[in-house]
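Trainee: structure of the sequence below:
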Amino acid sequence: RAGEDRAANFARRSPYPMINILRTEQVRAAQKGLPTALVYQQNELTLAGIGADLLESMLKDRDWKPLDGKKVDRKQIEVLRLAQDLMKNAAAADTDK
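Mentor: Sure, this is the predicted structure:
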């Protein structure tokens, strides 16, 4: 991506080589009922809030101090609200049995 959306390019970058070791069952359980597109959208919004120039500088310098004290307002995260609703609905369904 280019322009204002270029911060989203940092969603899958790492300053160090990484291997994610997740079992398929674990991933499926975590994603159950959650539209994964919402996770990606939230990541893009968070990265856009930081800005591509700062992300690029931090990645190049491997210096994360500019993020000290930065918090994500979890009340604004759509996927979190959706997950909470799903848990409430599942709990209600369990009590109805």
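Trainee: so where do the strands sit in the chain?
Mentor: In the chain, no strands are defined using DSSP state E.
Trainee: quick one: low-confidence parts of it?
Mentor: Where the chain drops to pLDDT under 70, the residues are 1-2, 4, 33-35, 73-79, 96-97.
Trainee: show me what the longest helix along the chain is packed up against.
Mentor: Scanning the chain for the longest helix, with DSSP state H as the assignment, gives helix 78-96. Here helix 78-96 touches helix 36-50, going by 3 or more C-beta pairs under 8 Å, 6 or more residues apart in numbering; DSSP states H and E. Where you see a C-beta, it was placed from the backbone N, CA and C, and this is true even at glycine.
Trainee: distance of Asp5 relative to Leu47?
Mentor: Distance of Asp5 to Leu47, computed by C-beta to C-beta, to the nearest Å: 10 Å.
Trainee: more neighbours: which of these two?
Mentor: Leu47 (19 against 12; other C-beta atoms under 10 Å).
Trainee: got a list of what the more buried one touches?
Mentor: Ala7, Ala8, Phe10, Ala11, Leu55 (C-beta atoms under 8 Å, 6 or more residues apart in numbering).
Trainee: next: Leu67.
Mentor: Leu67 touches Ile50, Met58, counting by C-beta under 8 Å, 6+ apart.
Trainee: which residues does the most centrally placed residue in the chain contact?
Mentor: Among the residues of the chain, the one closest to the centroid is Asn43, at 4.1 Å (C-alpha atoms, centre = their mean). Asn43 is in contact with Ala8, Ala11, counting by C-beta under 8 Å, 6+ apart.
Trainee: from Arg62, how far out is it?
Mentor: Distance from Asn43 to Arg62, by C-beta to C-beta: 20 Å.
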